[in-house]
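**Student:** sharing a model prediction with you, sequence too.
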Amino acid sequence: MNQPIRPPVLPELSRRDFLQRTTAVAALASTAAAREPAPRKTPRLPAGPNSKIHVGLIGCGGMGRANLNNCAQYPDVVVTAACDVWAQRRDSVVARFKDTCRPYLDFRELLARPDVDAVIIATPPHWHALQAVAACEAGKDIYLQKPMTLHLGESLAVRNAVKRHGIISQIGTQIHASDNYRRVVEYVRSGNLGRIGVARTFNVMNQSPDGIGRARPTPVPEGLDWDLWCGPAPRCDFNPTLATDSYYHSSWMAYSGGWTPGMAPHIIDLPVWALELGYPTVTSSAGGRYVLRDDGDAYDHHEVLWQYPGFTLTWMSSLTNSYDFLMKSQPPERRLGIYFHGENGTLYANYGMFRLLAEGDRLKDKEPPPASIPPSPGHEREWLDCIKTRQQPSCSVFYHVRVDVPLVLSLLSLKLGRAIRFDPATERIVGDSEAADLAVPRYRAPWKFPREYLKA
């Protein structure tokens, strides 16, 4: 369980790079007088329910800061470290928690600290798998922002690393903690809708005609390590729009996978949860960049069909039309939803509400089920509690891999232009050697994919 970071997974820093980076970090942290304790192999874990949890943040953008603030409000949390490749963002977190928090440019240096118990990973998605595996190897419990990964090999590697090292994990699909989702799950499981043959999910908005726009060539800002930002993904010229936040990341395939992994983890989570779905056996998707003309390269339309035993799940993403099937004129804005189509009626839900539409009078005598799923203390608070009890939270990688795998398979299907067959029992792509090969990413040197975690 408790192993140090192993060099084969991540490239080692040269002595020169290490000295340069640690010198820079030392300058940033000159106000922190305490000397860090010597490294030790056994990570420090909270001793009991009243112990404090020392939390570090990797990725100091808007979502990472929100997750950190949701943790830091509790008296049993100490914000110990903040890491970002952009000094401005890193410094803003350190300034807020200046009495306890130290800055880091390189996440490996943060993970080497023995007095960090747990980390929030809120970097761009192309970094998630490597940083999550490294955190597991360092013995740190993880709160990993969605999307969990971008490739099937990464999905399995993160899940297997969490299992191998005994890590507590929570994926950042915070809508899972809502009361509304609980009521929908209860209603679907009540049987009132009858047998459900299909569920439809969608996320739509209208960015047309100019999308995210076109940025002028801009030098890399002072204090930003752009090469480290690109990391294992292909290196591109600096683009200020790409670097802004997760909304803009979603227009570039290499760094986000587009809007499907950006939003679908929140949305297909509901049918996966309510219907207790496993893995799909067949995934087919189509789409492309049809309308928008901007700096991005990701699809502006994506349609997905997942086949499960006796059930079909669909997904629709559009960046050029915000219609939500309610048959009324509406101003363009982002909309999302889930439709469960049963024998007796349809249930429509979004984040904050749900409605029922009966098939004739088939719901006439159907009483709503009583509330049975306990309320959540909050997605981050649940993670913190589980760090102390050593019980996995509701959106651990062991649950969320059933949400993540369909999404990464949809991206692979889109790339190849054909359906992907998947064996849930072996967790392998069937009858398509090219797809199986592409399911494991090739990282930009010197970063290496941790292949040793492909097997459970």
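**Tutor:** It's in.
**Student:** ok, now which ones touch the nearest residue to L130 once chain neighbours are set aside?
**Tutor:** Nearest residue to L130, sequence neighbours excluded (C-beta to C-beta, 6 or more residues apart in numbering): P232, at 5.9 Å. From N, CA and C alone the C-beta is placed, and that goes for glycine too. Neighbouring residues of P232 by C-beta atoms under 8 Å, 6 or more residues apart in numbering: 126-127, 130, 441, 443-444, 447, 449.
**Student:** 7 Å - rerun?
**Tutor:** Going by C-beta atoms under 7 Å, 6 or more residues apart in numbering, P232 touches 126, 130, 443-444, 447.
**Student:** can you tell me which of those are buried?
**Tutor:** Buried members of these, scored by 16 or more other C-beta atoms under 10 Å, are 126, 130, 443, 447.
**Student:** surely the third one touches R451?
**Tutor:** So that's Y443. No - checked against C-beta atoms under 7 Å, the pair Y443 and R451 is beyond contact range at 10.9 Å.
**Student:** which residues are common contacts for those two?
**Tutor:** Both Y443 and R451 lack any common contact, where contact means C-beta under 7 Å, 6+ apart.
**Student:** mind checking pLDDT for the closest residue to L111 other than its chain neighbours?
**Tutor:** Nearest residue to L111, sequence neighbours excluded (C-beta to C-beta, 6+ apart): A138, at 4.2 Å. Here the pLDDT value assigned to A138 is 98.
**Student:** please report how far A138 lies from P114.
**Tutor:** For A138, the distance to P114 equals 9 Å [C-beta to C-beta, to the nearest Å].
**Student:** longest helix anywhere in this protein?
**Tutor:** Using DSSP state H, we find that the single longest helix of the chain is helix 397-416.
**Student:** ok, back up a step: farthest pair in the contacts of P232?
**Tutor:** For these, the maximum inter-member distance is 11.2 Å, found between L130 and R444 (C-beta to C-beta).
**Student:** against the centre of this protein, work out the most remote residue.
**Tutor:** Going by C-alpha atoms, centre = their mean, the residue of the chain most distant from its centre is D361, 41.3 Å out.
**Student:** how about the helices in the stretch 51-200 of the chain?
**Tutor:** For the stretch 51-200 of the chain, the helices defined by DSSP state H, counting those that start in this stretch cover 62-72, 87-96, 107-111, 128-137, 152-165, 179-190.
**Student:** which of those helices sits most buried?
**Tutor:** Of all the helices of the stretch 51-200 of the chain, helix 128-137 has the most neighbours on average by mean count of other C-beta atoms under 10 Å, namely a mean of 27.
**Student:** what sits up against it?
**Tutor:** For helix 128-137, contacts defined as C-beta under 7 Å, 6+ apart pick out 3, 5-6, 9-10, 58, 107-108, 111, 119, 121, 123, 142, 144, 148-149, 154, 157-158, 161-162, 165, 167, 232, 447, 450, 453.
**Student:** for T244, grab the count of nearby residues.
**Tutor:** Counted by other C-beta atoms under 10 Å, the residues lying close to T244 total 14.
**Student:** quick one: residues contacting it.
**Tutor:** By C-beta under 7 Å, 6+ apart, T244 lies in contact with nothing.
**Student:** that one and K163: what is the separation?
**Tutor:** T244 sits 35 Å away from K163, taking C-beta to C-beta as the criterion.
**Student:** same question for Q392.
**Tutor:** Remark: distance between Q392 and K163 (C-beta to C-beta) = 10 Å.
**Student:** find the nearest non-adjacent residue to the residue nearest in space to the middle of the chain, please.
**Tutor:** Among the residues of the chain, the one closest to the centroid is K146, at 1.2 Å (C-alpha atoms, centre = their mean). Using C-beta to C-beta, 6+ apart and skipping residues adjacent in sequence, the residue nearest K146 is P265, 4.0 Å away.
**Student:** same thing with C230?
**Tutor:** Take C230 and drop its neighbours on the chain: the residue closest to it by C-beta to C-beta, 6+ apart is C236, 6.7 Å away.
**Student:** tell me the spacing between the residue lying closest to I429 once chain neighbours are set aside and R200.
**Tutor:** Spatial nearest neighbour of I429, chain neighbours left out: A436 (4.4 Å); criterion: C-beta to C-beta, 6+ apart. With the distance defined as C-beta to C-beta, A436 ends up 29 Å from R200.
**Student:** and A215, by the same measure?
**Tutor:** Relative to R200, A215 is positioned 36 Å away (C-beta to C-beta).
**Student:** quick one: low-confidence ranges for this structure?
**Tutor:** Within the chain, the segments meeting pLDDT under 70 span 1-50.
**Student:** what's the longest strand in it?
**Tutor:** strand 196-206 (DSSP state E).
**Student:** buried set for it?
**Tutor:** For strand 196-206, burial by neighbour count (16+ other C-beta under 10 Å) applies to 196, 199-206.
**Student:** with stretch 296-310 instead?
**Tutor:** Result for stretch 296-310 [16+ other C-beta under 10 Å]: buried residues 296, 298-308.
**Student:** of those, which belong to helices?
**Tutor:** The members of the buried residues of stretch 296-310 all map outside helices under DSSP H.
**Student:** which one of these is nearest to F325?
**Tutor:** Within these, distances to F325 taken as C-beta to C-beta reach their minimum at E303, with 14.2 Å.
**Student:** so what's S246 up against?
**Tutor:** Contacts for S246 (C-beta under 7 Å, 6+ apart) come out as 63, 262.
**Student:** and it, its phi and psi?
**Tutor:** Dihedral angles of S246 (phi, psi; degrees, to the nearest 10) stand at phi -70, psi -30.
**Student:** where's it relative to N239, distance?
**Tutor:** From S246 to N239 the distance is 15 Å (C-beta to C-beta).
**Student:** please apply the same query to C136.
**Tutor:** 32 Å.
**Student:** what's the answer for N192, then?
**Tutor:** As judged by C-beta to C-beta, N192 and N239 stand 50 Å apart.
**Student:** how about L130?
**Tutor:** The spacing between L130 and N239, counted by C-beta to C-beta, is 22 Å.
**Student:** what comes up buried for stretch 169-179?
**Tutor:** So stretch 169-179, judged by 16+ other C-beta under 10 Å, has buried residues 169-178.
**Student:** of those, which is the nearest to D404?
**Tutor:** Comparing the buried residues of stretch 169-179 against D404 with C-beta to C-beta picks out I171 as the nearest, at 7.8 Å.
**Student:** contacting residues for the closest residue to that closest one other than its chain neighbours?
**Tutor:** Leaving out its chain neighbours, the residue that sits closest to I171 by C-beta to C-beta, 6+ apart is H400, at 4.2 Å. Going by C-beta under 7 Å, 6+ apart, H400 touches 148, 171, 173.
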